[in-house]
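predicted coordinates and the sequence they were generated for:
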Amino acid sequence: MSENKYFRVRLSQVPADLEDVITTHSFSCGASGVTEALVFTQPDLTYDPTLVNVATHDLDVFFPTNPDADFFKGLTEYNALIRWQIFEEENKDWLEEWKKGFVPFRLIGDFWVVPSWLTPPPECKHAIYIDPGMAFGTGTHATTQMMAFFINKLAEKHKANLADWALLDVGTGTAILAMLAQMSGMGLVAGIEIDPEARRVARDNVKLNNLTQIDIPETQLDEIRGPYDVVVANIIDGVLINIKKDLLRVLKPGGHILLTGILEERDNHFFEKFFEGTNLEVVRRLEKDEWVGYWAKSTENA
């Protein structure tokens, strides 16, 4: 067998009360890892899926070599209804594989996204270097591109005032949008993120781009005081609705709020839950692929 191969055995119909026993048996037979294919529901696409209680589980058991007959004999002895399929798979450095497809591209206007390990092309005027690590935000997703469009248009329209404005990027990920805002002339920019690893990646990226004036605090949205002239949130619609109160709380009267991450099929529901009954006026609505984005402005007398 090649050193670049491994074996994955998919076990099905594993009784819930035998999961620990089967896991122990797998490791005793030379397995290098066991994972469970969880059954869950996520009807509103928030980040809080609900696990479903099931009578039997599916497990993936990983072996560096083809498991011998004792492993399967033991499974049958524990429960004759357990079934399995064997897959021979190739070891890959998935991060390196992914990097091969990430190349410089024009994000918006003169701003290009450039992987940190590559050189900008000659036509690139303003490079935003990105090393995404495990954080969201390479600029290739439709919602990030819609948000980049909004930030660019906002900066063009309010160029004279931009240096005096403060922007909060909620769910900053790699900080790609915070960096675009700062490079577009925004006076103060902060990016907040619930994921500690994403905060680390965001700080590395602002340092990589010599934009260390961008603040990436440990503070969470419910602790932010504001107010901000611009609030940016490229987050899935269910979460946007959940954090609506805090998003509007930190928005300055007369300020701009930019929202992307809304699935088109849920747009009506989102509009009703987020906009109706507020002092927000929609300035512009965008659609890209199956996603929707809004640029809205609060009224001065809020």
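The structure has been received and is ready for your questions.

switch to C-alpha atoms for all contacts and neighbour counts from now on
Fine.

pLDDT at the nearest residue to Val113 once chain neighbours are set aside, what is it?
Spatial nearest neighbour of Val113, chain neighbours left out: Ile128 (4.9 Å); criterion: C-alpha to C-alpha, 6 or more residues apart in numbering. We have a pLDDT of 95 for Ile128.

with only the CA atoms kept, save whatever helix or strand Ile128 lives in in CSV.
Ile128 is part of strand 126-130, with elements assigned from DSSP states H and E. Extracted as CSV, the C-alpha positions of strand 126-130 are listed here (Å, rounded to 0.1, in the frame of the first residue of the first chain):
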residue,chain,number,x,y,z
HIS,A,126,-4.2,48.2,-4.3
ALA,A,127,-3.4,44.7,-2.9
ILE,A,128,-5.2,43.2,0.1
TYR,A,129,-3.1,40.3,1.1
ILE,A,130,-5.0,37.5,2.6
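
quick one: residues in contact with that strand.
With C-alpha atoms under 8 Å, 6 or more residues apart in numbering as the test, strand 126-130 has contacts from 110-116, 120, 138, 174, 176, 179-180, 205, 208-209.

flag the least confident of these.
Lowest pLDDT within the contacts of strand 126-130 is found at Thr138 (78).

right, and that residue touches Thr174 too?
Yes. Counting by C-alpha atoms under 8 Å, Thr174 is a contact partner of Thr138 at 7.3 Å.

neighbour-wise, which of those two wins?
Just comparing Thr138 and Thr174: by other C-alpha atoms under 10 Å the higher neighbour count belongs to Thr174, 30 against 23.

for the closest residue to the more buried one other than its chain neighbours, give me its contacts.
Using C-alpha to C-alpha, 6+ apart and skipping residues adjacent in sequence, the residue nearest Thr174 is Ala202, 4.6 Å away. By C-alpha under 8 Å, 6+ apart, Ala202 lies in contact with Thr172, Gly173, Thr174, Ala175, Ile216.
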